[in-house]
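Visitor: Below is the sequence, then the predicted model.
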2 protein chains.
Amino acid sequence: MATRRDDLTRAAARLFAERGFHGTSMGDLAEALGVQKGSLYSHTGSKQQLLFETMRAGADAFHAALDAVPEDASAVERIRLALRGHLRVVVEQLDVATVFTREWRYLDDTYRAEIVAERRRYEERFRALFREGVEAGELRPDLDAATAALLVLSAANWAYTWLTPERETDELADRFTAILVDGIRGYATPA
Amino acid sequence: MATRRDDLTRAAARLFAERGFHGTSMGDLAEALGVQKGSLYSHTGSKQQLLFETMRAGADAFHAALDAVPEDASAVERIRLALRGHLRVVVEQLDVATVFTREWRYLDDTYRAEIVAERRRYEERFRALFREGVEAGELRPDLDAATAALLVLSAANWAYTWLTPERETDELADRFTAILVDGIRGYATPA
């Protein structure tokens, strides 16, 4: 069978994103790949393993996007680039991002513990961007970094439902950042 | 059968939230309600209809929360209360909110058109809160109301994944609003 591991993961991600983990059978996967169900089992182990590999691919992509944010940029710039990176992963790997954000609950305990740890580590890296900005005096001294990170990551995570390749994701990330940085209050309004 | 319509919708919402629409069978529903599968069909029509009724309950709850926001309050106050209302629906009706935000894609075309229209109307009502604030001069004249509404609603929609009854949802809504209103930039930082 010519099917490579990457093709398998990609096909699994597409089906899990479209139909949900429970809505996808090994038969569906075999059909999508044009192989016999029996030979699929011998290649992949189980549907659980395919779900885990999809989640692993998602975690790697999100962390890699954060790795690309330059450490010497200002806090606001790093937050802007981190958000751009996150939205790019969503739009470029929409199936993987959809499964990563929506289907992790269906992972078996062992697999789930590893993925949940990766999610926590990613969230912590996002929080650090805000915390370091406060410590450097660039962001408001009274800023609740955890709440700010939760706001941004929640908005970014929800992106899988409305982002399309046609949208200018970088521009959207910049507009989110602009609102976040300067707030919505009118200039002339008394505090 | 003593099962009332509300019990049915509640049980369906719980199972759809736990296992996904495709992961839930009519047999599961009958078991959860302690009735025969045959009598369940005669009462409910179909799984699609139960999904639609769950979505309908979600749409009604979110709109009702917005209806409760006083029209004569300031824009910032109305946004704060709208966000509180949204998060309260999520935490008080977590199953319904989860299904509403995650399973709508599985609705048949006719049902889906109605629910998508309700979601759009809700989003438009949220956008109007920001737009009216700009028009009243309370919010920044250059504020992109659509982006601001998208940011807030995305964060609020994602809430179903991390809100628990133990969290102080009102307090969280207020903290989100505070960040949104005044931004994160440090006071002394040059613009």
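Guide: Great, that's in hand.
Visitor: what stretches of chain A score poorly on pLDDT?
Guide: Along chain A, segments meeting pLDDT under 70 span A:1-4, A:41-44, A:164-167, A:187-191.
Visitor: can you rerun that using 80?
Guide: Residues of chain A meeting the criterion pLDDT under 80: A:1-7, A:33, A:35-45, A:159-167, A:186-191.
Visitor: Which SSE is immediately downstream of the lengthiest helix in chain A?
Guide: Determined from DSSP state H, the single longest helix within chain A is helix A:109-135. Where DSSP states H and E defines the elements, the next helix or strand beyond helix A:109-135 is helix A:145-158.
Visitor: Using CSV, list the CA coordinates for that following helix.
Guide: Extracted as CSV, the C-alpha positions of helix A:145-158 are listed here (Å, rounded to 0.1, in the frame of the first residue of the first chain):
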residue,chain,number,x,y,z
ALA,A,145,-1.9,38.5,32.5
ALA,A,146,-3.8,35.2,33.0
THR,A,147,-7.2,36.9,32.1
ALA,A,148,-5.6,38.7,29.1
ALA,A,149,-4.1,35.4,27.8
LEU,A,150,-7.4,33.6,28.3
LEU,A,151,-9.2,36.3,26.3
VAL,A,152,-6.8,36.2,23.4
LEU,A,153,-6.5,32.4,23.3
SER,A,154,-10.2,31.9,23.6
ALA,A,155,-10.8,34.2,20.7
ALA,A,156,-8.0,32.5,18.7
ASN,A,157,-9.3,29.0,19.5
TRP,A,158,-12.8,29.8,18.4
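Visitor: could you pull out the helices for chain A?
Guide: Assigned by DSSP H, the helices in chain A fall at A:5-19, A:26-33, A:37-44, A:47-67, A:75-92, A:94-102, A:109-135, A:145-158, A:169-182.
Visitor: Let me have these in CSV, adding mean neighbour count and distance to residue B:25 as columns.
Guide: Where you see a C-beta, it was placed from the backbone N, CA and C, and this is true even at glycine. As requested, those are arranged in CSV below (neighbours: other CB atoms under 10 Å in any protein chain shown; distance: least, CB to CB, whole Å):
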stretch, mean neighbour count, distance to residue B:25
helix A:5-19, 19, 15
helix A:26-33, 17, 17
helix A:37-44, 15, 22
helix A:47-67, 20, 18
helix A:75-92, 22, 32
helix A:94-102, 23, 20
helix A:109-135, 16, 24
helix A:145-158, 22, 29
helix A:169-182, 19, 38
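Visitor: Residue B:124 is nearest to which of the ones you listed?
Guide: Proximity to residue B:124 (CB to CB) singles out helix A:145-158 among the helices of chain A, at 17.6 Å.
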